[in-house]
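Chemist: Build me a model from this:
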Amino acid sequence: MELELTRTYFAGGCNGSIYCGGFFICHTIELPWKDNERSTSCIPEGRYELKKRYSPKFKWHLLVKDVPGRSVILIHPANDALKELRGCIAPVCTVTAEGKGLLSKNALTRLLAVAYAGLQKEPIFLIIKSEPL
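Modeler: Residues are numbered from 1 along each chain as shown. You can find the predicted model right below:
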């Protein structure tokens, strides 16, 4: 199964949308692109395997595996990329500005429902690409 994240780059952060089989799941926010610099940049475009993960801080969420030069990149709730993210991806229901959104926990719930159902059958991959001009 593949999820597709199409992102648009801005100075204040990246905004994107995740689709599965052409169906919209949620929007996303991320840090701006800063050459894949740890804790201050979004991750590079590419294809990444996703795994189910639990932590006391975020509860159930997703781990983005094998990101070049990075570790522990997660998909977890956040509504302000610059204040709450360190390279991770946050699902949101509504994008309000560059790298900002609303109702992240609700969006994560929707994303996890799709991802966890898919993981019962096969590996899941996230394909990250740019919004075409």
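
Chemist: Can you tell me the SS state at residue 109?
Modeler: Assigned state for residue 109: helix (three-state reduction, DSSP: H, G, I helix; E, B strand; the rest coil).

Chemist: Quick check: it vs residue 78, distance?
Modeler: Counting by CB to CB, to the nearest Å, the gap from residue 109 to residue 78 is 14 Å. Using the backbone N, CA and C atoms, a C-beta is placed for each residue, glycine as well.

Chemist: Also residue 72?
Modeler: Distance from residue 72 to residue 78, counting by CB to CB: 15 Å.

Chemist: cool, residue 99 as well?
Modeler: For residue 99, the distance to residue 78 (CB to CB) stands at 10 Å.

Chemist: list residues touching both of these two?
Modeler: Here residue 99 and residue 78 have residue 29 as joint contacts, going by CB atoms under 8 Å, 6 or more residues apart in numbering.

Chemist: Spatially, which residue comes closest to residue 88, not counting chain neighbours?
Modeler: Leaving out its chain neighbours, the residue that sits closest to residue 88 by CB to CB, 6 or more residues apart in numbering is residue 74, at 4.5 Å.

Chemist: residues touching the one you found, list them.
Modeler: Listed by CB under 8 Å, 6+ apart, the contact set of residue 74 reads 53, 58, 61, 62, 63, 64, 88, 89.

Chemist: who's more crowded, residue 109 and residue 78?
Modeler: In terms of neighbours (other CB atoms under 10 Å), residue 78 is the more surrounded of residue 109 and residue 78; the figures are 26 against 14.
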